[in-house]
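**Q** Kindly generate the corresponding structure for this input.
(one chain, ligands or ions: 1)
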Amino acid sequence: MKTYPLTVDGQLIMTGNMLEVRNPADESVVGQCPTADLALLDRAVAAARKAQPAWAALPDDQRVAKLMEIGDLIEKHHAELAELVTREQGKAQSGMGANLEAGGAAAWARVTASLSIPVETVQDDAAGRITIERRPVGVVGSITPWNWPMMIATWHVMPALRVGCTVVNKPASCTPLSTLRLYELMNSVLPPGVVNCIAGSGVIGDRMSRHPGINKIVFTGSTSTGKSVLAGTVETLKRVTLELGGNDAGIMLPGTKIEPLLEKLFWGCFINGGQTCAALKRLYVHESQYEEVATKFADYVSRIPVGDGMDPKNLIGPVTNAAQREVVSAFVEDARKKGARILTGGKTPSGPGYFYPLTVVADCTDDMLLVKEEQFGPAIPIIKYKTVEEAIARANALDVGLGGSVWGNDIAEATRYAVRLECGTTWVNQHGGLHPMACFGGVKGSGLGTEFNVEGLKEYTTIQTVNVAK
Ligand code: NDP
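**A** Numbering: from 1, shown residues only. The predicted model follows:
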């Protein structure tokens, strides 16, 4: 069995209590890694602190060159990383799956490398010169989830490195291997201690949030754990970026021609089997075309091949872990009991792996768990509405707001409605598309701060005003 090392202070650590990682497609062992104890976390933080001043002092073009080298390394190891993602997390090699994740990680690395934060001059005259400058926040603790393990690790680490921070990452316990391998690769071209990666339970993440040697936490995961992380940071007044769960609504305007949108609607709802923070998780359809849309969408979805993600014919793989499949199954059962119609899917298959079929549920109401809670899996509720105003109010009624979308024939009209959704990103005739220059973050319970773009870089800095008398 292959062992994936932790990276601490430039060294690869191969010993410790081993964690076996299982393939969600067949429950076989993919590989193993050591788990860190709190003493190893302390070592990683100390190494990051030691390495940070020299990393920040490196001439800017040299830091950029290192980040570009990381982009090249990810590209060079694309096939290996994409396979590891499929085998530990489940998403398919085909479609918007593991190859997209590995390719996206390289693209994000390079775009982030190319960004910089300009110095702002607010006064420059005979009396004096005042500039607003940015300094690296210091050591960043990155806590990452299991749904897009390598991509999200890249989203956290690249802006931190770009501005001169050093990083300690803790990946999710069911998908640590691709992140550990990514860090091993990055470590091979960076000075010791600049990047550190330690697997371990939530206890390690909790300690990171409180650790006096860490200046900022960037966390992607559930809203409840995010709140606990935020509480942990209070004592040391850390800077925080939280990218948390959502329950994104999509509203289809009356009279929308559905056929041309089916593929985009499919990926909006079911990318990575719905295990995506900004997937479409509630679809509101006008009563005048409710049956048509529900039937055509269910028919489209029922023909998508689901299975082991290593088989190129499959577009969607299993759910990543048994606990998440249980959530999805329980939500579908709750909807069924409350009168919803299962148009396709809806039954947990027997056999190995954590498969759950792509499921479309009609006649859903806002009191069903599948509508009011985040299912984070391959089941989409379709809800009937009478007026667009009512649909917007229902879309905005929840206490989360990561993304949202409006679908329609008239793009200008759809956009006018889309901007009224209370969310960090609003899409028209698509859902979930990201771009390394498009800010991404949530409002309400979906998080704090933003990622990507120069705005995302700023989150890894503190402001220093330089006020010089002449
Ligand atoms: P968590 O939010 O619990 O896990 C995310 C990360 O936080 C993991 O690395 C986890 O480690 C770590 N962690 C766990 N407990 C703590 C803690 N007390 N302090 C600091 N870090 C901690 O997500 P789950 O895996 O429990 O998934 C549950 C739900 O979260 C899903 O159903 C989904 O709704 C949502 N989710 C949202 C994601 C998003 O992209 N926004 C991604 C993943 C999940 P460990 O794995 O070792 O427990």
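**Q** I'd guess residue 281 is in a strand, am I close?
**A** Yes - applying DSSP: H, G, I helix; E, B strand; the rest coil, one finds residue 281 inside a strand.
**Q** OK, contacts around it?
**A** Taking C-beta atoms under 8 Å, 6 or more residues apart in numbering, we find residue 281 in contact with 246, 247, 248, 249, 269, 274, 374, 375, 376, 380, 381. From N, CA and C alone the C-beta is placed, and that goes for glycine too.
**Q** out of those, which are inside helices?
**A** residue 269 (DSSP state H).
**Q** Let's have the contacts of residue 281 in a markdown table, adding pLDDT.
**A** Below are those laid out as a markdown table (pLDDT from 0 to 100):
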| residue | pLDDT |
| --- | --- |
| 246 | 94 |
| 247 | 98 |
| 248 | 98 |
| 249 | 98 |
| 269 | 98 |
| 274 | 98 |
| 374 | 97 |
| 375 | 97 |
| 376 | 98 |
| 380 | 98 |
| 381 | 98 |
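**Q** Around the ligand, pick out the residues from the stretch 1-150 of the chain.
**A** 143, 144, 145, 146, 147 (C-beta under 6 Å from any ligand atom).
**Q** Which secondary structure state does the fourth one sit in?
**A** To tie it back to what came earlier, the one meant is residue 146. Under three-state DSSP, residue 146 comes out as coil.
**Q** I figured it was touching residue 90, is that so?
**A** No - judged on C-beta atoms under 8 Å, residue 146 makes no contact with residue 90 at a distance of 9.5 Å.
**Q** Quickly list what's touching both of the two.
**A** By C-beta under 8 Å, 6+ apart, the residues touching both residue 146 and residue 90 are residue 320.
**Q** Neighbour count: the two, which is higher?
**A** residue 90 (30 against 22; other C-beta atoms under 10 Å).
**Q** Now the helix or strand harbouring residue 218: average pLDDT?
**A** Using DSSP states H and E, residue 218 maps to strand 216-220. Mean pLDDT, strand 216-220: 98.
**Q** tell me what it is packed against?
**A** When contacts are defined as 3 or more C-beta pairs under 8 Å, 6 or more residues apart in numbering; DSSP states H and E, strand 216-220 sits against strand 139-143, helix 149-163, helix 202-210, helix 223-233, strand 239-243.
**Q** how about the ones you listed in TSV, adding mean neighbour count and mean pLDDT?
**A** Below are those laid out as TSV (neighbours: other C-beta atoms under 10 Å; pLDDT from 0 to 100):
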stretch	mean neighbour count	mean pLDDT
strand 139-143	29	98
helix 149-163	27	98
helix 202-210	20	98
helix 223-233	18	97
strand 239-243	23	98
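**Q** Make TSV out of the ones you listed and add distance to residue 426.
**A** Converted to TSV, these look like this (distance: least, C-beta to C-beta, whole Å):
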stretch	distance to residue 426
strand 139-143	27
helix 149-163	20
helix 202-210	31
helix 223-233	20
strand 239-243	17
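**Q** Out of these, flag the one nearest residue 129.
**A** helix 149-163 (22.9 Å; C-beta to C-beta).
**Q** After the closest one, which helix or strand is next?
**A** strand 166-170.
**Q** Now that following strand - C-alpha only, CSV.
**A** Output of strand 166-170 as CSV, limited to C-alpha atoms (Å, rounded to 0.1, in the frame of the first residue of the first chain):
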residue,chain,number,x,y,z
THR,A,166,3.7,30.7,4.6
VAL,A,167,1.1,28.0,5.1
VAL,A,168,0.1,25.0,7.2
ASN,A,169,-2.7,22.9,5.7
LYS,A,170,-5.0,20.3,7.2
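**Q** distance between it and the chain's centre?
**A** 16 Å (C-alpha atoms, centre = their mean, to the nearest Å).
**Q** residues of that strand that come out buried?
**A** 166, 167, 168, 169, 170 (16 or more other C-beta atoms under 10 Å).
**Q** Hmm, residue 198 and the last one touching each other?
**A** Yes - taking contact to mean C-beta under 8 Å, the distance of 6.0 Å between residue 170 and residue 198 places them in contact.
**Q** who touches both of these two?
**A** 36, 204.
**Q** distance of the closest residue in space to residue 148 that isn't next to it in sequence from the ligand?
**A** Distance criterion C-beta to C-beta, 6 or more residues apart in numbering; nearest residue to residue 148, sequence neighbours excluded, is residue 101 at 5.8 Å. Separation of residue 101 from the ligand (C-beta to the nearest ligand atom, to the nearest Å): 13 Å.
**Q** now the helix or strand hosting residue 101 and helix 149-163, what's the angle there?
**A** Per DSSP H and E, residue 101 falls inside helix 98-114. With axes from the mean of the first three to the mean of the last three C-alpha atoms, to 10 degrees defining the directions, helix 98-114 sits at 10 degrees from helix 149-163.
**Q** Other residues contacting helix 98-114?
**A** With C-beta under 8 Å, 6+ apart as the criterion, helix 98-114 contacts 64, 67-68, 70-72, 74-75, 78-79, 81-83, 85-86, 89, 91-93, 148, 150-151, 153-155, 158-159, 162, 182, 309, 436-437, 452, 457.
**Q** Residue 129 is in contact with residue 468, isn't it?
**A** Yes - proximity of residue 129 to residue 468 meets the contact threshold set by C-beta under 8 Å, at 4.8 Å.
**Q** Look at those two and report which has more neighbours.
**A** residue 129 (14 against 10).
**Q** Confirm that the more buried one sits in a strand.
**A** Yes - looking at residue 129 with three-state DSSP, it is inside a strand.
**Q** Quick one: the contacts of residue 281 as TSV, columns for distance to the ligand too.
**A** Formatted as TSV, the contacts of residue 281 follow (distance: C-beta to the nearest ligand atom, whole Å):
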residue	distance to the ligand
246	7
247	9
248	11
249	16
269	15
274	10
374	4
375	8
376	4
380	15
381	15
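**Q** Restricted to strands, list the contacts of residue 281.
**A** The strands, defined by DSSP state E, take in 248, 249, 380, 381 from the contacts of residue 281.
**Q** ok, which stretches of the stretch 251-400 of the chain are helices?
**A** Secondary structure of the stretch 251-400 of the chain (DSSP state H, counting those that start in this stretch): helices at 262-270, 290-302, 322-337, 369-372, 388-395.
**Q** in the protein, which helix has the most residues?
**A** Max-length helix for the chain by DSSP H is helix 38-57.
**Q** For the protein, give me the ranges with low pLDDT.
**A** Scanning the chain for pLDDT under 70 picks out nothing.
**Q** what domains does the record give for it?
**A** Structural domains assigned to the chain are 6-244+446-469, 248-435, following automatic domain parsing.
**Q** ok, back up a step: if any of the contacts of helix 98-114 are buried, give me the ChimeraX selection for them.
**A** To isolate the buried ones among those in ChimeraX, judged by 16+ other C-beta under 10 Å, type:
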select :64,67,70,71,74,75,78,81,82,83,85,86,89,91,92,93,148,150,151,153,154,155,158,159,162,182,309,436,452,457
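**Q** distance of residue 282 from the ligand?
**A** 14 Å.
**Q** if I pick the nearest residue to residue 222 once chain neighbours are set aside, what's in contact with it?
**A** Spatial nearest neighbour of residue 222, chain neighbours left out: residue 245 (5.4 Å); criterion: C-beta to C-beta, 6+ apart. By C-beta under 8 Å, 6+ apart, the residues touching residue 245 are 221, 222, 223, 277, 374, 376, 400, 402, 445, 446.
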